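Novice: Got a sequence here, can you build the structure:
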Amino acid sequence: MKKQFPALLLALGLLLSIPAQAAQTAGFARSRTYAGEFSDVAPDSVFHDNVAALYEYGLTNGKGDGTFGPGDSITVGQAVIFAGRVRGLYRTGDPEAGPAAYGGDGGPAALPYLRYLQAEGVLDTELDDSLTLPATRAQVAHVLARVLPEEVLPPVHEKLVAQARESGRHIPDVDETIPYCEDILDLYRKGISTGSDAAGSFLPGELITRGAAAAMITRLADPALRVRPQWDLGNPNSAAGTTLADLVEPGAYSIAPASREELDSALRSMLAQGRDQIVFYYPGLSEADARQLMNQALAVMKAHCEQSYNEVHCTRGAGLVTLSFTAAGAEGRTQEYRAAAMEAAIAVHDQLWADGTLHPGLTELEKARVYYGWICGNCAYDYQAGDDSLSHIPYNLFARQTAVCDGYTGAYNLFLKLEGISCSTVIQGDHIWTSAILDGVEYHIDTTWGGSGSEVSYDYFALSPARSQAVHAQRSA
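Specialist: Numbering: from 1, shown residues only. Model prediction:
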């Protein structure tokens, strides 16, 4: 049983678990109320709520002079102290109880907190010699990334962050070459950071301020303070706005083509300009010669069957020969059917990219296989089609889920060309299929035969030209 043409809707489900949300706040209680203890943190300060929360959770008392210093930098050791207090608060309900067990040996003030975090498996020894140095934003990300276990601090924005990075428009300064890359990305995934600008830049090498650190630290403790990136991702891989003319390699117009190559080039010039008519100058052209020219023009159009032109009309006068192209059976609606097919193909293309079926990590061969499965799974062969049936053009495949070989091939080539994949057609008798260059290698692909059974068959996908000719010759015999 063939699958029906799917509705092109993208549904986004958000699963909320009330018990899990309650568990996230377990262990974190605000033990006091902030009443403006820090003279340099005004109510309208961008970090006011975070600094207030840091105080109320017992994670800071500020500086000795009654200020917090939101614009001051912090050392690696101070970041470790904050992280140790958060871990202690989570584990015992007391920010100092855990680290206190590792004190008494002298050394830097941060050392008990570091040893506590190391004993808890939060940190390794990499920062042992850096405690007195100013902390970069990347180092703070490393310190905070594993303070809380994943069941308490889940990566709720994982898909969003992946899509943002794939788009190339967001988190532009974080890649595998950056120290603590995964720790930084975890802060985005878990709602601890959205970066420092509209693009979500993290600025990993810059020193971090106490205000920015307070924001990240308090988001660990309080889900209400966590943030969600407000990136307009849209669909960076959308083909919206692409026209059929865009899919044609432009050719050069010749007023009197003298070879198949020149005719092909002239007709590509016509298609690339979005026109359906071309004029040549052949003085004294006979009826037979005109018929031959029309047949040659249709043969060229077969190579561009995604354009939906399979019928040509010829008028002659004063040496001028005008060829006008239409779709057989369209009854004056050729352009309407072409536009509808293009719109449907773009919708499928965009949906496959939006839902992750297609993604930048795929090779051209893998993308071609996805579209092969879609075509074969969403169309049935039209055994009732006559010469003037719309099943000969891509429109019918999208609108009515039926086609014959040139309709199948035209729709498939339309998809490939939307991906920028070079493809044409192979004609053998009254059958037609695709020839495509995938990752630099020529393959033959027959979507008609691939979808002719009750299930999609990949026996006719990505055949070598020699194997394809043998298979088609054998089956046609």
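
Novice: In the stretch 351-477 of the chain, where is pLDDT below threshold?
Specialist: Along the stretch 351-477 of the chain, the parts satisfying pLDDT under 70 run over 477.

Novice: Break down it into its helices, ranges please.
Specialist: Per DSSP state H, counting those that start in this stretch, the stretch 351-477 of the chain carries helices over the ranges 364-377, 394-400, 405-418, 447-450, 465-476.

Novice: Please produce TSV containing the ones you listed, extended by distance to residue 211.
Specialist: For glycine as for every other residue, the C-beta is placed from the backbone atoms N, C-alpha and C. Listed next are these as TSV, based on distance: least, C-beta to C-beta, whole Å:
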stretch	distance to residue 211
helix 364-377	46
helix 394-400	55
helix 405-418	47
helix 447-450	59
helix 465-476	65
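
Novice: which one of those lies closest to residue 52?
Specialist: Closest approach to residue 52 among the helices of the stretch 351-477 of the chain (C-beta to C-beta): helix 364-377, 51.1 Å.

Novice: Who are the packing partners of the closest one?
Specialist: helix 334-354, helix 405-418, strand 431-438, strand 441-445, helix 447-450 (3 or more C-beta pairs under 8 Å, 6 or more residues apart in numbering; DSSP states H and E).

Novice: what comes up buried for it?
Specialist: 364, 367, 368, 369, 371, 372, 373, 374, 375, 376, 377 (16 or more other C-beta atoms under 10 Å).

Novice: Next, the angle from that helix to strand 431-438.
Specialist: Put simply, helix 364-377 runs at 150 degrees to strand 431-438, going by axes from the mean of the first three to the mean of the last three C-alpha atoms, to 10 degrees.

Novice: Other residues contacting helix 364-377?
Specialist: 2-3, 348, 352, 357-358, 362, 397, 408, 411-412, 415-416, 419, 421, 436, 438-439, 441, 443, 445, 447, 450-451, 456-458, 461-462 (C-beta atoms under 8 Å, 6 or more residues apart in numbering).

Novice: ok, now stretch 226-236?
Specialist: By C-beta under 8 Å, 6+ apart, stretch 226-236 touches 157, 160-161, 163-164, 166-170, 188, 190-195, 200, 219, 350, 353-354.

Novice: Buried only: go through those for me.
Specialist: Of the contacts of stretch 226-236, these count as buried by 16+ other C-beta under 10 Å: 157, 160-161, 163-164, 166-167, 169-170, 188, 190-195, 200, 219, 350, 353-354.

Novice: Let's see which of the residues you listed end up in helices.
Specialist: 160, 161, 163, 164, 166, 167, 188, 219, 350, 353, 354 (DSSP state H).

Novice: of those residues, closest to residue 384?
Specialist: residue 350 (32.1 Å).

Novice: Let me see the contact set for that closest one.
Specialist: 235, 237, 238, 239, 240.

Novice: thought the second one was touching residue 358?
Specialist: Same thing as residue 237. Yes - at 7.4 Å, residue 237 counts as touching residue 358 under the criterion of C-beta atoms under 8 Å.

Novice: who has more neighbours, the two?
Specialist: For residue 237 versus residue 358, neighbours defined as other C-beta atoms under 10 Å are more numerous around residue 358 (19 against 16).

Novice: Tell me the secondary structure at the residue of the chain positioned farthest from its centre.
Specialist: No residue in the chain sits farther from the centre than residue 284, which is 56.4 Å out by C-alpha atoms, centre = their mean. Of the three states, residue 284 takes coil according to DSSP: H, G, I helix; E, B strand; the rest coil.

Novice: In space, what's closest to residue 94 - neighbours in sequence excluded?
Specialist: residue 88 (6.1 Å; C-beta to C-beta, 6 or more residues apart in numbering).

Novice: Was I right to think the one you found contacts residue 97?
Specialist: Yes - with contact defined as C-beta under 8 Å, residue 88 counts as touching residue 97 (5.5 Å).

Novice: For those two, work out which one has more neighbours and name it.
Specialist: Higher neighbour count among residue 88 and residue 97: residue 88, with 25 against 14, using other C-beta under 10 Å.

Novice: Just say helix, strand or coil for that one.
Specialist: helix.

Novice: Relative to residue 418, how far out is it?
Specialist: 56 Å (C-beta to C-beta, to the nearest Å).

Novice: Name the spans of the protein whose pLDDT lies under the cut-off.
Specialist: For the chain (pLDDT under 70), the answer is 1-27, 477.

Novice: 80 instead, please
Specialist: 1-27, 104-106, 167-168, 232-236, 476-477 (pLDDT under 80).

Novice: List of residues touching stretch 167-180?
Specialist: 138-139, 141-142, 145, 161, 164-165, 181, 184-185, 188, 195, 199-204, 229, 231, 233, 236.

Novice: Just give me the neighbour total for residue 162.
Specialist: Other residues close to residue 162 by other C-beta under 10 Å number 14.

Novice: Quick check on residue 317: phi, psi?
Specialist: Per-residue torsions, residue 317: phi 180, psi 130 (degrees, to the nearest 10).

Novice: That one bridge partners, please.
Specialist: residue 320 (DSSP bridges).

Novice: Against residue 53, how distant is residue 47?
Specialist: In terms of C-beta to C-beta, residue 47 sits 10 Å off from residue 53.

Novice: shared neighbours of those two, which are they?
Specialist: Common neighbours of residue 47 and residue 53 (C-beta under 8 Å, 6+ apart) are residue 214.

Novice: which of the residues in stretch 418-427 are buried?
Specialist: Buried, per 16+ other C-beta under 10 Å, within stretch 418-427: 418, 419, 421, 423, 425, 426.

Novice: how much space is there between the second one and residue 242?
Specialist: As for residue 419, its distance to residue 242 is 11 Å (criterion: C-beta to C-beta).

Novice: picking up where we left off before, how about a markdown table for the ones in helices among the buried ones among the contacts of stretch 226-236, with distance to residue 299 added?
Specialist: Putting those into a markdown table (distance: C-beta to C-beta, whole Å) gives the following:
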| residue | distance to residue 299 |
| --- | --- |
| 160 | 50 |
| 161 | 51 |
| 163 | 44 |
| 164 | 47 |
| 166 | 41 |
| 167 | 42 |
| 188 | 55 |
| 219 | 66 |
| 350 | 33 |
| 353 | 34 |
| 354 | 38 |
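
Novice: how about those residues, which pair is most distant?
Specialist: Based on C-beta to C-beta, the longest span within these runs between 219 and 350 and measures 34.2 Å.

Novice: Work out the gap between stretch 352-362 and the centre of the chain.
Specialist: 5 Å (C-alpha atoms, centre = their mean, to the nearest Å).

Novice: quick one: buried residues of it?
Specialist: Buried positions in stretch 352-362, judged by neighbour count with 16+ other C-beta under 10 Å: 352, 353, 354, 358.

Novice: what does stretch 141-151 give?
Specialist: Quick answer for stretch 141-151 (16+ other C-beta under 10 Å): 141, 142, 143, 144, 145, 146, 147, 148.

Novice: again with stretch 85-93
Specialist: Buried-residue list, stretch 85-93, by 16+ other C-beta under 10 Å: 85, 86, 87, 88, 89, 90.

Novice: again with stretch 427-441
Specialist: When burial is assessed from 16+ other C-beta under 10 Å, stretch 427-441 yields the following buried residues: 431, 432, 433, 434, 435, 436, 438.
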